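Colleague: quick one: sequence and predicted model below, then my questions.
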Protein chains: 2
Amino acid sequence: MNDRNTYLIDIPLDEARARLAQALQEAGRDAPLPGETIPLTEALGRVTAEPIWAKLSAPHYHAAAMDGYAVRAEDTRTATETRPLSLQLEEQAKPVNTGDPLPPGMNAVIMIEDVQQPEAGSIVIYHPVAPWQHVRMVGEDMVATELVLPANHKIRPVDIGAIAGCGHHQVKVRRKPLAVIIPTGSELVPADHPPAPGQIIEYNSLVLTAQIRDAGGEAQVTDIIPDDRQRLLETVQFALQRQPDVLLLLSGSSAGSRDFTANIVRELGQLLVHGVAVRPGHPVIMGMIGTTPVIGVPGYPVSAALTGEIFIQPLIARWLGQPSPLEARPRAQAIMTRKLVSPTGDDDFVRVSVAQVGDRLLAAPLSRGAGVITSLVRADGLAHIPRFSEGVDMGQPVNVILYRDLEAIRKTLLAQGSHDPMLDLLAQFVAEQFPGSRLASANVGSLGGLVALRRKEAHFAGVHLLDEATGEYNIAYVEKYLPNETLQLMTFAHREQGLIVPKGNPLNVQGLDDLPRLRYVNRQRGAGTRLLLDYELKQRGIAPEQIAGYEREEYTHLGVAVAVATGIADCGLGVRSAAIALGLDFVPVGWERYDFVFPTEHLAVLQPVISVINTDRFKAALATQPGYNTQDTGRIQFSR
Amino acid sequence: MNDRNTYLIDIPLDEARARLAQALQEAGRDAPLPGETIPLTEALGRVTAEPIWAKLSAPHYHAAAMDGYAVRAEDTRTATETRPLSLQLEEQAKPVNTGDPLPPGMNAVIMIEDVQQPEAGSIVIYHPVAPWQHVRMVGEDMVATELVLPANHKIRPVDIGAIAGCGHHQVKVRRKPLAVIIPTGSELVPADHPPAPGQIIEYNSLVLTAQIRDAGGEAQVTDIIPDDRQRLLETVQFALQRQPDVLLLLSGSSAGSRDFTANIVRELGQLLVHGVAVRPGHPVIMGMIGTTPVIGVPGYPVSAALTGEIFIQPLIARWLGQPSPLEARPRAQAIMTRKLVSPTGDDDFVRVSVAQVGDRLLAAPLSRGAGVITSLVRADGLAHIPRFSEGVDMGQPVNVILYRDLEAIRKTLLAQGSHDPMLDLLAQFVAEQFPGSRLASANVGSLGGLVALRRKEAHFAGVHLLDEATGEYNIAYVEKYLPNETLQLMTFAHREQGLIVPKGNPLNVQGLDDLPRLRYVNRQRGAGTRLLLDYELKQRGIAPEQIAGYEREEYTHLGVAVAVATGIADCGLGVRSAAIALGLDFVPVGWERYDFVFPTEHLAVLQPVISVINTDRFKAALATQPGYNTQDTGRIQFSR
C-alpha cells in the first residue's frame, strides 16, 4: 500500500451526490426509516412516520360555549325587553358551565349575564335565542377521520396538543438514524487532554455528533484510533455490528490516514468517491460496505463541518423524510465587500459575515483556511460560488445561505477599522445586555475603517490616527475621508502603545531607537499603529529600510504578539493588553486616543453599543485592563 | 367566595407585561440565571453563561500545512529548474505530515509533489521557498485570550468545536429554568383516557411543556387537580417546595375554575393581573407568591398556546439571556384575503395561512375560535392587529410573524375551492414524496375557488360545477369566470354524491323526492353540491321553501355528515366518503366529475401535486376509497 498517495481524483459535487444516491437506492436504503411508537411527552422535534387521522371529533359532544343556562330555543320565542319570559329551572333551563355537555333535548345556551333570577326555581330572560346559540357542536373544530398531520412532519408544541386532542396518546415517529463515528489519527487527543506540540485536540467528532443531532439523528463515537490499518479495520468491523445507518471515518490531517480509510472501504465493500471538487473539503471519501454507507470525513475542521452540512445532514434528513437543514435555511442576496477569487473547477463554499448597513445586505468573506474554526463560529452565512464561476467582484451580489435569520442579522452591528483586543469585551457586554444583539468586527485598520464608512459598509469604525501636523488624534482624518458625513466621534479609551518583547526582554530593548538592530514585525498599511511607527521613525530620522521585518505585516495586535512569542520577530509595536495576554513584556512608547466614528444615520441602530460604553459597569471593567485609561470613555470629541 | 364571577377587568397587554416585569425586578428575579458546568457532549442548544475566552492558541505550535519536507528557507535560496539543489535528509530536510510540528530550526515546508528523491538520504528541489511557506503558525486561527463566544450565546454544532479547539472540555451554561405546571378542572382527563361526554382531554400541559422546552427550559406536570379549592391550594404549596422558577396553573374551561386560581394567588401572595386585553386569551392571571411568578393560563387551547407564546416563553428566554422565540421569528407583510374585524380595545392575534402566489405573499385568516386547535396546527403565521385598530380590509397588507421560514412558505401550495375529503389524502402523498412541500386548502366552494384564482389568491382550485344547459361539468364555468387565463382542467376523480342519512336510514329516505318531509342540512352558496341540489330540485319542481333546513349551511361534506350524525338534521347531500367516515348510511343520487383548475403560470410550482396525481400508487389509494372512481384521474379535460 502506498501510504503517501497524495493525488486524489476529484469528481464534481453533483456527481458525488448522484453516486451515493444510486448506491443507496440499489441497497434499498434511500427511503425514510420505519416508525416507532412513543408517548406524546417525548414527541417534540420528532418526525411523524405516518399520517395522523383524527380518532375523535372535537368537540366530541355538543358543548356549552359559555357559562349560563341550557334551554330549548323554541321555548324562548316570546321573550322581549318589555315582556320578559320566565323559564322553570331543570325543566326548561339547566345551569351549565363552559364545556359542559348540552343536556338532552336542549339546543342553545343563554349567557349568565343575560339572565335574572328574582326567585329560586326559575330564571327570567328578555330575548329569544336562536337554535345552537353558544353551543360548540360536535366536530366544529375537527371531525373524526380528518387529516390532522401528514407523515414526515416535524412535531412542534401545538402539534402535540392536536394529536392528543383528536384522541391519540402515542404517536408513530421515524426512528432516529444512527451514525457511528470513528475518529482516526495518531496525532489526535481527546478534548480533556491538554495537547503537546504535534498533538491536536479531536473535536470533529463533537461537531459531527451535534450536526447529526441537529438533523434529527443520533451518533455514537468510538475511541480515537491511531494510524494503524489493522486496528482501524477491526474497529470498522466492530462498528458495523452495531448496525449503524451510516459509518463516519474522521481522517486525521495527513494524506496517509485518509488512505487507510479508502483502502479499508475498498477491501470491505465498494469505494464510490475518492475526492470531491468542493472547497474546502476535497478529500471526502464515500463508499458502501454491504448496505451501510461509509463517509470518510476530511480532518480540517472547516472541511469536516462542510462535509457534515452538504453530505451527512442531508442523508440523515432524507431518512427522516425531511429537507436537509442547509436546504431549509433562508437565503438572501448580499453585496460582497471584497473581491473573491474562486477556482473554476470547484463548488466553492465561503463563510461570510452578513450585516445590514442602511438598506443594503453586505457579505464580508471570513478567512478561508480549512483550519480556521473561528470562521465557522463567526459565519452568518455560506456563500456558494458554483462550479465554472471564477468568483465574485467587490460590490457584486452573491447568493448566501443564511445561518441566522434575517431578524437576527438585522441586529448584527458591523464594526470595521482598527483592531483593539477590548472590542471583545465590548462585544461581550453588548451580547449580555441586549439579548439578540451582536457585535461583529473586521480588522481592516483605522484608514480601512474610514473607507468602509465612506462605502457604507460598516455601522461604525474604531480609529486611532495621529495627525502629524497638529499632534491631534482622528479629527483631521475624519475631515479628510468623510467630508460630507454627519457623524459623532466618541472616545472608546486612551491606550498605551509600546514595543512587545519576549518575556524578560532578553535583547534589552529600550525604545524605538533600538529598532535598527532588531527583527521587527509590523502592522499592515493603513493601521493606526503603523502610522504611529512611521511618525516616530521620521522624528528619529530612521528609514524603514533600516528595519529588518518592516515589510512583515500582521493585521492585529495579537498577531504581532504571537510573532514575538514564537520567535519570528524580536519585537513589534502594539497595545499593552496584547503583550499581557500572551505573557510577554512591554516597553512603553506613549498613550494614544482610540475613538469610534458613529455616522448619524446609524445612531439608532447603534444604541446597544453606545449605551454599553456609557455604563459605569463597562467603564470599570475596561479601566481594570492594564494599558487602558477611561477618563474620556464615552466623551464626544467631535460631531457635525 | 363567588365561584361564578364572570367579569374580569382586562388591562392592556403592555401594562400586563410591565406589571410582571416590575414584580420580577423587585423580587430580584429578572436577571439571567446563573451557570452550571457541563461536558461539551451535552452542550448543543444550551446557552453560555459566561464569555468563553481561548485558553489555547490554534494552532498551539508551528505546524506543517502540507505533507512534505520541513526545511530552512535560507538553505533553498539557490535552487532553480536548471540547477536543482540537493538537501540532506535529517540535517537539511525532515519529512513531515500535515499537522506535524515544525522541527526546531526549520521555518518552511516543501510539498511532497515539488520534491524528487533519486537516491536515499537526500531530496532534490527545483525552487527556493520563502520563510514560513506551508506553515500554519501559532495563533494563525485563534490566539489564546481571544473571545471565542460571548455569554448568552445558544450553542450550535460548530461552536462546540471552537470551544474544544481553544482548550475547554467543559462549558458553563445557564441552568434551565424550571416550570411546574398544575392542570386544574374537574372535566379534564389525561390523554390516555378515552373521554366521556362532558370530559375534555387535558393537553394544554403537553403543549406548554413543549413550548417551555423549545424556549430552553424544563417543565414538570402534576396530576390533574379537580375544581376543589383546598386541594388546589395544597398542590400549589407542594409545588412551591420544588422551587420552580415559574408556576403555571392551567385553568379548566369554566370561569369558576379560573377564580380558584386568582383567589389562591391572592391568598398566598400578590395578584398582579386578572385579565388581559388580548384576543384570544383574555382570562390570563398573573401574580407573585414570594419570589415565584405564577401565571394562570386560560383553558381554551388557542388561548393557552398564545399565553405560552406571549408571556411564558419570553420569561424562560429572559432567564436564559435570549430573545423570546416569537420575537426571533421572521416577519413579513402579507396581503389579507378576507376582511378581518378586530375589537379596538384588544391586541388581537389571528392565526393565518401564508402562501406565496405569484409574487404576492397572501395571508388567509384561519377559524378564530379559541377552541380550534387545528388553527394552531395549520397556521403559518400570527397576524398581530394592535390595540386601537379596527381590523384589516381585504386586499390590505398586514404584519405577520411567520412560524415557518419563507423558504418553507414558498413550498406551500394553496388550494381554494370545493371541499373533498380526499384532499387530505393528496396532502399526505405530497408531504411524503416531496419533503418540505405542503398542501394547504381553504374550503370556499367551487365558485369561490374560481373567484380566488381570478384574484390570484390560490395556486389551484378544485371544482365540480354542473352546467344546466349542457349537463357537462366545469368547462362552462371556467369559460365564464376565467375567460382570459391560460390554464389546464385536470380530473381529480369522479365522485358519488348522495343523501347522507343516519345509520339504518330510520326515516327510509329513498332519494331527493323525499326532501320536503325531512329536516335538511345544506351546503353554502357557491358550493358545487349546492348547485347540484338546486339543479335536481328544479328538475323535480320542488321549491327551496318546501325544504326545512335549506337555509342551514355547512362548509364541508364532513360538516354535513356531523349535522346528520348528531341529529341536527335528517339528511344532507354529500359525498359517500363523508358518510362512511362517520359511520352513516348513504342514499346514492349520482356521479359527478371533480376537476382541478391549474393556471399555466403556476404549473411549475404545482409539479408536486401534478406528479402525485399521476402516480399509480396514489390512483390505487384513491380507487380503494368507496365513492371514488379514478378512470379519468390525471386526464386533462380542457386546456388553453
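Modeller: Cool, got the structure.

Colleague: the stretch 201-350 of chain A: helices as residue ranges?
Modeller: Under the criterion DSSP state H, counting those that start in this stretch, the stretch 201-350 of chain A carries helices at the ranges A:204-214, A:229-240, A:255-268, A:301-307, A:313-319, A:325-328.

Colleague: likewise the stretch 351-500 of chain A?
Modeller: Counting by DSSP H, counting those that start in this stretch, the stretch 351-500 of chain A has these helices, from start to end: A:373-378, A:406-409, A:423-433, A:445-454, A:475-481.

Colleague: now residue A:356: how far from chain B?
Modeller: Residue A:356 sits 14 Å away from chain B, going by C-beta to the nearest C-beta, to the nearest Å. In short, each C-beta sits where N, CA and C put it, glycine included.

Colleague: quick check: that residue touching residue A:409?
Modeller: Yes. Using C-beta atoms under 8 Å, residue A:356 is in contact with residue A:409, at 6.3 Å.

Colleague: quick revisit: give me whichever of the helices of the stretch 201-350 of chain A is most buried.
Modeller: When the helices of the stretch 201-350 of chain A are scored by mean count of other C-beta atoms under 10 Å in any protein chain shown, the highest mean neighbour count falls to helix A:301-307 (a mean of 27).

Colleague: and stretch A:210-227, average pLDDT?
Modeller: Mean pLDDT, computed over stretch A:210-227, is 96.

Colleague: for it, which positions count as buried?
Modeller: Counting neighbours by 16 or more other C-beta atoms under 10 Å in any protein chain shown, one finds that the buried residues in stretch A:210-227 are A:210-219, A:221-222, A:224-225, A:227.

Colleague: same deal with stretch A:468-478?
Modeller: A:473, A:474, A:477, A:478.

Colleague: quick one, domains of chain A?
Modeller: A:13-32+A:176-326, A:35-58+A:141-174, A:63-136, A:331-403, A:440-639 (automatic domain parsing).

Colleague: how far is the last one from where the chain is centred?
Modeller: Pointing back at domain A:440-639 there. On the basis of C-alpha atoms, centre = their mean, to the nearest Å, domain A:440-639 sits 30 Å off its chain's mean C-alpha point.

Colleague: so what's residue A:142 up against?
Modeller: Residue A:142 makes contact with A:54, A:57, A:58, A:148, A:162, A:165, A:166, B:373, B:374 under the criterion C-beta atoms under 8 Å, 6 or more residues apart in numbering or on different chains.

Colleague: among the residues you listed, which lie within helices?
Modeller: If you go by DSSP state H, the contacts of residue A:142 have A:162, A:165, B:373, B:374 in helices.

Colleague: any chance of those residues in JSON lines, plus distance to residue B:300, pLDDT and neighbour count?
Modeller: Shown next, in JSON lines, are the ones in helices among the contacts of residue A:142 (distance: C-beta to C-beta, whole Å; pLDDT from 0 to 100; neighbours: other C-beta atoms under 10 Å in any protein chain shown):
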{"residue": "A:162", "distance to residue B:300": "14", "pLDDT": "94", "neighbour count": "27"}
{"residue": "A:165", "distance to residue B:300": "12", "pLDDT": "92", "neighbour count": "30"}
{"residue": "B:373", "distance to residue B:300": "9", "pLDDT": "82", "neighbour count": "29"}
{"residue": "B:374", "distance to residue B:300": "13", "pLDDT": "85", "neighbour count": "26"}
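
Colleague: identify the farthest-apart pair in those residues.
Modeller: A:165 and B:374 (8.7 Å; C-beta to C-beta).

Colleague: tell me which parts of the stretch 501-640 of chain A are close to chain B?
Modeller: For the stretch 501-640 of chain A, the residues in contact with chain B (C-beta under 8 Å from any C-beta of the partner chain) are A:556, A:558, A:559, A:561, A:562, A:563, A:565, A:566, A:568, A:581, A:582.

Colleague: could you flag which of those are buried?
Modeller: Buried subset of these (neighbour count, 16+ other C-beta under 10 Å): A:556, A:558, A:559, A:561, A:562, A:563, A:565, A:566, A:568, A:581, A:582.

Colleague: is chain B contacted by whatever helix or strand residue A:18 lives in?
Modeller: According to DSSP states H and E, residue A:18 maps onto helix A:13-26. No. Under the criterion of C-beta under 8 Å from any C-beta, helix A:13-26 makes no contact with chain B; the nearest approach is 14.2 Å.

Colleague: show me what counts as buried in the helix or strand just after that helix.
Modeller: Moving toward the C-terminus from helix A:13-26, the next helix or strand (DSSP H and E) is strand A:35-39. Of all the residues in strand A:35-39, those buried under the rule 16+ other C-beta under 10 Å are residue A:35.

Colleague: need the buried residues of stretch A:468-478 in JSON lines (columns: pLDDT and distance to residue A:588).
Modeller: Listed next are the buried residues of stretch A:468-478 as JSON lines, based on pLDDT from 0 to 100; distance: C-beta to C-beta, whole Å:
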{"residue": "A:473", "pLDDT": "93", "distance to residue A:588": "18"}
{"residue": "A:474", "pLDDT": "95", "distance to residue A:588": "21"}
{"residue": "A:477", "pLDDT": "95", "distance to residue A:588": "24"}
{"residue": "A:478", "pLDDT": "95", "distance to residue A:588": "27"}
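
Colleague: can you add distance to chain B and give those residues back as a markdown table?
Modeller: As requested, these are exported to a markdown table (distance: C-beta to the nearest C-beta, whole Å):
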| residue | distance to chain B |
| --- | --- |
| A:473 | 26 |
| A:474 | 25 |
| A:477 | 28 |
| A:478 | 28 |
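
Colleague: most centrally placed residue in chain A?
Modeller: Central residue of chain A (C-alpha atoms, centre = their mean): residue A:403, 5.1 Å from the mean position.

Colleague: distance of it from chain B?
Modeller: 8 Å.

Colleague: and the contacts of residue A:142, which is closest to residue B:306?
Modeller: residue B:373 (12.0 Å).

Colleague: quick one: that closest one and residue A:162 touch, right?
Modeller: Yes. Using C-beta under 8 Å, residue B:373 is in contact with residue A:162, at 5.0 Å.

Colleague: give me the below-cutoff pLDDT ranges for the stretch 1-150 of chain A.
Modeller: Across the stretch 1-150 of chain A, the ranges flagged by pLDDT under 70 are A:1-8.

Colleague: so where do the strands sit in it?
Modeller: Remark: strands assigned in the stretch 1-150 of chain A by DSSP state E, counting those that start in this stretch are A:35-39, A:52-53, A:63-64, A:68-71, A:85-88, A:93-96, A:108-111, A:115-116, A:122-125, A:135-136, A:147-149.

Colleague: name the helices or strands packed onto the third one?
Modeller: Contacts of strand A:63-64 with other secondary structure elements, assessed using 3 or more C-beta pairs under 8 Å, 6 or more residues apart in numbering or on different chains; DSSP states H and E, are made with strand A:135-136.

Colleague: in terms of secondary structure, what does the strand it packs on contact?
Modeller: Checked by 3+ C-beta pairs under 8 Å, 6+ apart, strand A:135-136 has strand A:63-64 packed alongside it.

Colleague: pick the most buried one from the strands of the stretch 1-150 of chain A.
Modeller: Counting by mean count of other C-beta under 10 Å, the most buried of the strands of the stretch 1-150 of chain A turns out to be strand A:63-64, with a mean of 27.

Colleague: nice, that's everything, thank you.
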